[in-house]
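A.B. asks: prediction below, plus the sequence it came from.
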Amino acid sequence: MSRLTKEHFDRFATYGVATVYEAAGRLGLIDIPLTPLTPGTSVAGPALPVLCGQGDNLMVHAAMERINPGDVLVFTMPEPEPVALVGELLATQANVRGAAAILVDGSVRDVNELRKMGLPIWTRFVRVRGATKKKVGTIGEPVTVGGARIEVGDIVVLDDDGAVVVERSRALEVLEASRARLERENRLRDEFQSGKLSYDLHGLREVVERSMAR
């Protein structure tokens with residue numbers, strides 16, 4: 001497929017998690033509780049997945065030299081655990097190297113400093129419990145987070161609704177489906193604002209009344 005550009009990623013971010021998830025056929029949802037440290041932010045970019053050892057952030061340090069500008073860093077462990085994989089000093093390195101965002105399937109700390117830094121970060125936990133730096137994991141190999149498989153270069157979209165991943169090979173198809181879905185929603189919004197009901201427009205009244213008549 002053709003190379004994705006910043007415009008493509010910007011469009012994914014504009015459409016947002018809910019629209020992209022629906023347009024992708026309800027596939028790719030990263031189904032874990034995520035807290036955005038900077039609410040109101042929408043980001044999309046190619047994934048750099050990193051599997052850390054359990055309770056260990058050695059591979060987070062190692063991943064810093066592998067960052068390409070615009071990457072979305074995805075840090076996970078074999079099992080979710082409230083251990084701080086990322087703090088201010090690691091996030092500073094990621095920010096300097098041009099990361100677009102960080103998704104942490106673990107914990108972060110130094111929250112005030114991370115918010116001031118401006119690098120968008122989504123995290124499962126906020127805890128100060130420190131990680132060890134002894135266990136070798138993987139960088140750039142596929143990981144599974146919240147039931148979603150994430151490969152390097154797949155598109156990760158993050159906003160206040162959470163996160164969704166789109167296979168790179170489906171990126172243009174899902175972008176087009178997202179555009180069509182947004183246009184359809186805009187038309188529906190106009191109809192609802194004129195007083196019409198989804199109960200009628202979606203044929204739901206017939207379903208309810210047919211069932212109640214039995």
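C.D. replies: It's in. Just so it is clear, the structure is predicted and the values come from calculations on it, not from any experiment. Numbering: from 1, shown residues only.
A.B. asks: CA only for contacts and neighbour counts going forward, please
C.D. replies: Noted.
A.B. asks: I'd assumed residue 80 was in contact with residue 53.
C.D. replies: No - at 11.0 Å, residue 53 does not count as touching residue 80 under the criterion of CA atoms under 8 Å.
A.B. asks: between the two, point out the one with more neighbours.
C.D. replies: Neighbour comparison, residue 53 and residue 80: the larger count goes to residue 53, with 21 against 18 (by other CA atoms under 10 Å).
A.B. asks: tell me how far the more buried one lies from residue 59.
C.D. replies: Residue 53 sits 8 Å away from residue 59, going by CA to CA, to the nearest Å.
A.B. asks: now do the SS call for the residue nearest in space to the middle of the chain.
C.D. replies: What sits nearest the mean C-alpha location of the chain, by CA atoms, centre = their mean, is residue 163, with 2.8 Å. Secondary structure, DSSP: H, G, I helix; E, B strand; the rest coil: residue 163 is strand.
A.B. asks: what is it paired to in the beta sheet?
C.D. replies: residue 158 (DSSP bridges).
A.B. asks: what's near enough to touch it?
C.D. replies: 17, 29-31, 34, 156-157 (CA atoms under 8 Å, 6 or more residues apart in numbering).
A.B. asks: and these, which are buried?
C.D. replies: Using 16 or more other CA atoms under 10 Å as the burial test, the contacts of residue 163 include 17, 29-30, 34, 156-157 as buried.
A.B. asks: in CSV: those, plus secondary structure.
C.D. replies: Putting these into CSV (three-state DSSP) gives the following:
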residue, secondary structure
17, helix
29, strand
30, coil
34, coil
156, strand
157, strand
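A.B. asks: and residue 78, which of the three is it?
C.D. replies: coil.
A.B. asks: gap between it and residue 180?
C.D. replies: With CA to CA as the criterion, residue 78 and residue 180 are 38 Å apart.
A.B. asks: can you check residue 202 too?
C.D. replies: In this view, residue 202 and residue 180 are 17 Å apart by CA to CA.
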